[in-house]
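[1] sequence? don't have it. structure:
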């Protein structure tokens, strides 16, 4: 899965790992420790995980789990990579080990809860792109 957004990849990378920026484009509080071993919580604690690896400005790998998943389900692994494009950047996403019963919801959720609101937030920022 991939999404194109109108900002440089390094800015989008920074936005994802910055709690205030992440909350601004998703519309709900986020806590994120932007380092390997750091915790991640989003959408009123409906999502949680741990940052496994950060390659600055290029790659984020984290465990990821929904509060709706069965207790016996293992955490999924999310990989986000950030690439330059002509009019901004492309974020490529690989999300593995999502429980079958929530696979469709998670897949649709990326567009609904991340890509669409993030594009709208970038449009709202206009020429400012990303607050410094």
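    Structure's in. What do you need? Given the structure is predicted, the values throughout are model-derived calculations rather than measurements. Residues are numbered from 1 along each chain as shown.
[2] rest of the way, CA atoms for contacts and neighbours
    Noted.
[3] can you pull the contacts of the closest residue to residue 25 other than its chain neighbours?
    Nearest residue to residue 25, sequence neighbours excluded (C-alpha to C-alpha, 6 or more residues apart in numbering): residue 118, at 5.0 Å. When contacts are counted by C-alpha atoms under 8 Å, 6 or more residues apart in numbering, residue 118 touches 5, 25-26.
[4] distance of residue 118 from residue 100?
    27 Å (C-alpha to C-alpha, to the nearest Å).
[5] At the geometric centre of the chain, which residue do we find?
    residue 16 (5.7 Å; C-alpha atoms, centre = their mean).
[6] distance of it from residue 115?
    Residue 16 is 12 Å from residue 115, by C-alpha to C-alpha.
[7] mind checking the SS state of the residue nearest to residue 25?
    helix (DSSP: H, G, I helix; E, B strand; the rest coil).
[8] same deal with residue 84?
    Quick answer, by three-state DSSP: residue 84 is strand.
[9] Look up the residues forming beta bridges with it.
    Here residue 84 sits in beta bridges with residue 89, going by DSSP bridges.
[10] Surely it touches residue 8?
    Yes. Using C-alpha atoms under 8 Å, residue 84 is in contact with residue 8, at 6.6 Å.
[11] Please say which of these two ends up with more neighbours.
    Under the criterion of other C-alpha atoms under 10 Å, the comparison of residue 84 against residue 8 puts residue 8 first, with 19 against 15.
[12] which ones are touching that one?
    Neighbouring residues of residue 8 by C-alpha under 8 Å, 6+ apart: 84, 88-89.
[13] Among the residues you listed, which one sits closest to residue 40?
    residue 89 (23.4 Å; C-alpha to C-alpha).
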